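Visitor: here you go, sequence then predicted model.
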Amino acid sequence: MRQHHIRNREQLIEEFGSYIVDDPRAAKGRWAELFGCDKPIKLEIGSGKGAFITGMCLRDQDISFIACEGAYNVYPRIPQKAASLNVQNLLVLPQYITDPREFFGDGEISGIYLNFSDPWGKKRYNNRRLTYRDKLEGYRHICRPGSALEFKTDNDELFEFTLNELAYLGLTPDIVEYDLHSSPLNEFNIPTEYEEKFTEEGLAIKYLRLLFT
Ligand SMILES: C[S@@+](CC[C@H](N)C(=O)[O-])C[C@H]1O[C@@H](n2cnc3c(N)ncnc32)[C@H](O)[C@@H]1O
């Protein structure tokens, strides 16, 4: 996501800081405590300005959600949006995740969303992709059995790459959809900012779901 300068960044952080986890490494294994409840915890990595995750928070109040966004000029928009919608079940992890196990204990998470993850065009950057095999291994550790990993993208190459990485690890998605918006699944779909933009441009949105056993 392009990092436009936001002039009131500090002000947003101060005003909506109660949503932001300042030391997320120290939260490892303690997320339920931070939320103050034992609801299942689901994580979005690369939340952008938070349209998707705040929509999920409002729709499913029996879940605690974590929005992870590393871009320092983007993540303050998430708590701003959450506060404007009176969202109560969200925390923001304001850092780039390289190894999810740095931030989450084994089985601490009950679902992961990856939406329009950066494609990192050049092949030598494949290991930065959020669906690279090492990352997928990390997700498998932090997710409790039965959790779903859900992935949406407009990018054909990244989608095929992801299917191949899953296959490399012997993992088979239970849903693979090449045109999400024309499928019955769309009824339950909450669009992201990028999704709105790409859909307007006429691009088909690809979707897959993997269930961790
Ligand atoms: C292309 S944007 C998509 C934003 C949003 N999900 C959407 O669909 O509108 C990707 C976002 O992921 C963030 N991001 C990329 N890698 C990340 C990582 N390893 N940890 C956290 N955020 C990351 C970027 O800063 C950027 O805001």
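Guide: Structure received.
Visitor: stretch 82-95 near the ligand at all?
Guide: No: for a cut-off given as CB under 6 Å from any ligand atom, stretch 82-95 has no contacts with the ligand; the smallest distance is 6.9 Å. For glycine as for every other residue, the C-beta is placed from the backbone atoms N, C-alpha and C.
Visitor: extract the C-alpha trace of that stretch and format it as CSV.
Guide: Output in CSV follows, covering the C-alpha atoms of stretch 82-95 (Å, rounded to 0.1, in the frame of the first residue of the first chain):
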residue,chain,number,x,y,z
ALA,A,82,-12.7,1.0,14.6
ALA,A,83,-13.6,3.8,17.0
SER,A,84,-15.9,5.4,14.5
LEU,A,85,-17.8,2.1,14.3
ASN,A,86,-17.7,1.5,18.1
VAL,A,87,-15.8,-1.7,17.6
GLN,A,88,-15.1,-3.4,20.9
ASN,A,89,-13.4,-6.7,19.9
LEU,A,90,-10.3,-5.5,18.0
LEU,A,91,-6.6,-5.0,18.8
VAL,A,92,-4.0,-3.7,16.4
LEU,A,93,-0.6,-5.2,16.0
PRO,A,94,1.4,-2.3,14.4
GLN,A,95,4.4,-4.2,13.0
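Visitor: and that stretch, average pLDDT?
Guide: Taken as a whole, stretch 82-95 carries a mean pLDDT of 98.
Visitor: mind checking how far it is from the chain centre?
Guide: On the basis of CA atoms, centre = their mean, to the nearest Å, stretch 82-95 sits 13 Å off its chain's mean C-alpha point.
Visitor: how about the residues of the chain that lie near the ligand?
Guide: Near the ligand, when you scan the chain using CB under 6 Å from any ligand atom, you find 1, 45-48, 68-71, 74, 96-97, 115-118, 130, 192-195.
Visitor: which among those end up buried?
Guide: Among those, those buried by neighbour count (16 or more other CB atoms under 10 Å) are 1, 45-48, 68-71, 74, 97, 115-117, 130, 192-195.
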